[in-house]
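here is a sequence with its predicted model. Questions after.
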Amino acid sequence: MKSDQYNQPPLDQQLAEQFERISKTLTRLLPKLLPIAAGLIVVLWLASGIYSVNPGHVGVVRTFGKETARTAPGLNYRFPWPFQRADVVSVEQIRRIEVGFRGAQRVQEEALMLTGDENIVEAQIVVQYRVADPSKFLFRLREPEVALGAATEVALRSTVGSMTIDQVMIEERAKVQD
């Protein structure tokens, strides 16, 4: 054992002593800290079941994948994952689907339609809707917006295809718009 100019033990000996002190302290405290840590983890897991539903929204609670409750706006509680899950859906928001365009950009595949007298017209439409039943909106279709857009396009093509170009552009324009 060699000492340095300040009359202290070598660094490796100091580190070994420090490690031994820490090891003894942890050995003594670990049995006491383990239940506290486990309890804290359980409390945090249970707290993860708290969720908020904003005004104009409805919470749909699922237990093991099956709808079991609907919750009103405010703070709500559900059992944490993997037992329950909550989906929040706006029932007051007016949603919109655009057919034939997206924003300022035209979508030719959707917009160009053939009339009954074999003329081509460009039709664009906006559908506005609200979610009436959150359960059906969440669980009936994988992508309800895509399905509604496709159904709207089919209905518009059917209407336009049964009319002449004059009917579409002038005489029956209101019917096409409805």
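Looks like it came in fine.

state the distance from residue 96 to residue 149.
Distance of residue 96 to residue 149, given as C-beta to C-beta, to the nearest Å: 10 Å. From N, CA and C alone the C-beta is placed, and that goes for glycine too.

now do the shared contacts for those two.
residue 127 (C-beta atoms under 8 Å, 6 or more residues apart in numbering).

could you look up the SS state of residue 163?
Under DSSP: H, G, I helix; E, B strand; the rest coil, the three-state class of residue 163 is coil.

isn't it up against residue 118?
No - judged on C-beta atoms under 8 Å, residue 163 makes no contact with residue 118 at a distance of 11.8 Å.

who has more neighbours, those two?
Per other C-beta atoms under 10 Å, whichever of residue 163 and residue 118 has more neighbours is residue 163, with 19 against 9.

now do the longest helix along the chain: which elements does it pack against?
In the chain, assigned by DSSP state H, the helix with the most residues is helix 11-47. Counting contacts by 3 or more C-beta pairs under 8 Å, 6 or more residues apart in numbering; DSSP states H and E, helix 11-47 is packed against no other helix or strand.

re earlier: who has more neighbours out of residue 96 and residue 149?
Shown here are residue 96 and residue 149; by other C-beta under 10 Å, residue 149 has more neighbours (17 against 10).

now do the contacts for the more buried one.
Applying C-beta under 8 Å, 6+ apart, the residues near residue 149 are 97, 99, 127.

so how far is residue 67 from the residue nearest in space to the middle of the chain?
Of all residues in the chain, the one closest to the mean position by C-alpha atoms, centre = their mean is residue 87, 8.0 Å from it. Residue 87 sits at a distance of 9 Å from residue 67 (criterion: C-beta to C-beta).
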